[in-house]
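Student: give me the fold of what follows.
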Amino acid sequence: MRTILFSSQTYDRESFLGAAAGIELHFQPARLTLDTTALANGFDVVCAFINDDLSAPVLEHLVAGGTRLIALRSAGYNHVDLTAARALGLTVVRVPAYSPHAVAEHAVALILALNRRLHRAYNRTREGDFSLHGLTGFDLVGKRVGVVGTGQIGETFARIMAGFGCQLLAYDPFPNPAVEAMGARYLPLDPLLAESDIISLHCPLNDATRYLINADSLQHMKPGAMLINTGRGALVETPALIEALKSGQLGYLGLDVYEEEANLFFEDRSDLPLQDDVLARLLTFPNVIVTAHQAFLTREALAAIARTTLDNIAAWAAGRPCNQVDA
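Tutor: Predicted structure coming up:
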């Protein structure tokens, strides 16, 4: 079963080769776009990541080149035109879960770094500046933490924050009994934003959640609150964040995802001028930390992604597809 992995990095090669059995793997660092579809000619399986283009025109080219299966190395599938895939006879499979701890723990790491200004303190001490002005944080115990999306990742995040002694608020169309058992109160979104000292986004991206955080909802937040997004970039209307940061309405911002990340993240662009004016502006704020979509990047998560993806391919080849995504 010939398989090509687009957007593959060194860590993908290590994790997949460590788990592969009977599947011919080809690693392609280029993103899958309309211009790179020819690289997939002759491959039965295209293994794609979150920033690969799986729109209808791309899928049409893949099918013309012999591709029959799209194996996603992710839980999210908002970047796939599922209607087109079905019409073309393509099967789409995904990794529904790998390590909720990886993403949840990264969200907590952003909270701690922003709160205690670790990024600023690190830079200061390396330059011989051992002053403490501007580094005052706050105790997490007793703070109200709003968890938006309480699936596996949101539940894991809630459990960690409960361990800090935080009060949990939650928003999800489908309340999770395990989160309720932690003492969380489920609220509509606006009251949750108004009461929370920290808001962390853990919901999927779909029509209902796109720009869930926007100029209007930011005004409902408690002034000076912290916002964390380790979900999907388009959960947040990014330009609105700049105005909220400038006014002080938003006190802290931690992002591991960015709506326009596809042409930026996962590459070393340190010797090039940053062309994205919105991201460039965000990076000027001292109370903002942006990481390049690394929340999933733990050894355990990578191993689980590789194992599940390869199992998905093997099951499909055997005529028993699993973890299939339907239109």
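Student: and residue 10, how many neighbours does it have?
Tutor: 9 (other C-beta atoms under 10 Å). In this view, the C-beta of every residue, glycine as well, is placed from N, C-alpha and C.
Student: try residue 183
Tutor: Neighbour count for residue 183, taken as other C-beta under 10 Å: 10.
Student: got phi/psi on residue 21?
Tutor: phi -150, psi 110 (degrees, to the nearest 10).
Student: how about it, nearest residue that isn't a chain neighbour?
Tutor: Distances taken as C-beta to C-beta, 6 or more residues apart in numbering place residue 310 nearest to residue 21, at 7.4 Å, with adjacent residues excluded.
Student: how much space is there between residue 83 and residue 323?
Tutor: Per C-beta to C-beta, to the nearest Å, residue 83 is found 19 Å from residue 323.
Student: whoops, I mixed them up, residue 107
Tutor: The gap separating residue 107 from residue 323 is 25 Å, by C-beta to C-beta.
Student: quick check on the two: which one has the bigger neighbour count.
Tutor: residue 107 (26 against 19).
Student: which elements pack onto the one helix or strand the more buried one maps to?
Tutor: Here residue 107 is covered by helix 100-115, with elements defined by DSSP states H and E. Using 3 or more C-beta pairs under 8 Å, 6 or more residues apart in numbering; DSSP states H and E, the elements in contact with helix 100-115 are helix 152-163, strand 198-201, strand 225-229, strand 250-255, strand 288-290, helix 299-317.
Student: name the next helix or strand downstream of the second one, please.
Tutor: Under the assignment DSSP H and E, the closest C-terminal helix or strand after strand 198-201 is helix 215-220.
Student: which strands and helices sit next to that next one?
Tutor: By 3+ C-beta pairs under 8 Å, 6+ apart, helix 215-220 packs against helix 189-195, helix 238-247.
Student: average model confidence for stretch 115-126?
Tutor: In this model, stretch 115-126 has a mean pLDDT of 97.
Student: could you report the distance from the residue positioned nearest the centre of the chain to residue 116?
Tutor: The chain has residue 231 as the residue nearest its centroid, 4.0 Å off, counting by C-alpha atoms, centre = their mean. Residue 231 sits 24 Å away from residue 116, going by C-beta to C-beta.
Student: so where is the stretch 201-327 of the chain shaky, pLDDT-wise?
Tutor: 327 (pLDDT under 70).
Student: now do 50
Tutor: Counting by pLDDT under 50, not a single residue of the stretch 201-327 of the chain qualifies.
Student: my read: residue 283 touches residue 290, true?
Tutor: Yes: between residue 283 and residue 290 there is a contact at 6.3 Å, judged by C-beta atoms under 8 Å.
Student: the two: which has the busier surroundings?
Tutor: The residue with more neighbours, out of residue 283 and residue 290, is residue 290; 18 against 12, by other C-beta under 10 Å.
Student: how about the more buried one: what's its closest non-neighbour residue?
Tutor: residue 255 (4.9 Å).
Student: just grab the bridge partners of the one you found for me.
Tutor: residue 229, residue 290 (DSSP bridges).
Student: pull the number of nearby residues for residue 214.
Tutor: Counted with other C-beta under 10 Å, residue 214 comes out at 16.
Student: thinking again about what came up before, next, the contact list for the residue nearest to residue 290, please.
Tutor: Counting by C-beta atoms under 8 Å, 6 or more residues apart in numbering, residue 255 touches 228-229, 233, 236, 282, 288-291.
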